[in-house]
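>>> sequence first, predicted model second:
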Amino acid sequence: MIDDKKIYICAIDFFIVNNIVENINRIREELPSAVQLIAISKTKPVEDIKTALTAGQRRFGENKALELVAKHEQIPDAEWHFVGHLQTNKVKYIAPFVTMIQTVDSFRLLAEINRQAQKYNRIIKCLLEVHIAQEEEKSGLRGDEIFRLLEMPEIGGLHNIRLCGLMAMATYTDDKSLIRSEFRQLADIHKQVKQRFFANDSAFCELSSGMTDDYRIAVEEGSTMVRIGSGIFGSR
């Protein structure tokens, strides 16, 4: 006798798998070849990440250190990006394997990343997070803080980190003109920082901006990395 419940569950699983693959392929078709897709897999099961791997997706983003460690243990070949607020006492857990930490917002954090990377003879790529949104609760360096950080002479002694660009989140709003102006502001800050501190450093080239609801605008305003979660895996 056929178990209708099992058939129903299998049909749902097939639909979810197909959706993840189709979503990745659709987004890739939209993105210019120079723009990297970071699949934000936070809170999603390992099975969903493995499905994304079958579509050729290799870069994933997580926002909790211990969850990232657990997923890395099961999928060690993925390129892992940390995209959440990172406490200095959690850096040690991800330092052995993380490819990029996108949310650096203080010299203290940068120095700790360098210290932990040194233990494993690694160089960890980092992005400086910039606050561009209207929401005060969002993280990031504000105003001239980014310039003051980069002017610190101690920066030159951090040999186990590589600053590769900037990252930011726009205001959560339906106002597309506001979102565009914030991404444009971010691109302008990136240009200033590049010219002032990294003019001869080809590694400083990344601009991580744009998520599921606003990545198209971000790309139009110069984003080189988009961070898409629900647009790939469905809502949490």
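That came in fine, so what should we check first?

>>> need the next SSE after the helix or strand hosting residue 113, C-terminal direction.
According to DSSP states H and E, residue 113 maps onto helix 107-119. Counting by DSSP H and E, the element after helix 107-119 in chain order, helix or strand, is strand 124-129.

>>> that following strand pairs with which strands?
Here strand 124-129 is paired, per DSSP bridges, with strand 100-104 (parallel), strand 161-167 (parallel).

>>> just grab the bridge partners of residue 225 for me.
residue 36, residue 208.

>>> now for it, how many residues are close by?
By other CB atoms under 10 Å, the residues close to residue 225 number 25. Using the backbone N, CA and C atoms, a C-beta is placed for each residue, glycine as well.

>>> please tell me how far it sits from residue 142.
Distance of residue 225 to residue 142, computed by CB to CB, to the nearest Å: 22 Å.

>>> strands of the chain, start to end?
36-40, 59-62, 79-82, 100-104, 124-129, 161-167, 206-208, 225-228 (DSSP state E).

>>> how far does the helix holding residue 113 sit from its chain's centre?
19 Å (CA atoms, centre = their mean, to the nearest Å).

>>> ok, stretch 53-66 next?
Using CA atoms, centre = their mean, the offset of stretch 53-66 from its chain centre is 10 Å.

>>> one more: stretch 68-76?
Its chain's C-alpha centre and that of stretch 68-76 lie 17 Å apart, by CA atoms, centre = their mean.

>>> what residues does that stretch touch?
Stretch 68-76 is touched from outside by 41, 46, 49-50, 53, 60, 62, 78, 80, 82, 93-94, 97-98, with contacts defined as CB atoms under 8 Å, 6 or more residues apart in numbering.

>>> of these, just say which sits nearest to residue 167.
residue 82 (10.8 Å; CB to CB).

>>> list the contacts for that closest one?
Counted by CB under 8 Å, 6+ apart, residue 82 has contacts 61, 62, 63, 65, 68, 94, 98, 100, 101, 102, 103.

>>> wait, which of those is closest to residue 203?
Taking the contacts of residue 82 together and measuring to residue 203 by CB to CB, the closest member is residue 100, at 11.5 Å.

>>> just list the residues touching the residue nearest to the spatial centre of the chain, thanks.
Among the residues of the chain, the one closest to the centroid is residue 83, at 4.6 Å (CA atoms, centre = their mean). By CB under 8 Å, 6+ apart, the contact set of residue 83 is 38, 40, 42, 61, 62, 63, 102, 103, 167, 227.
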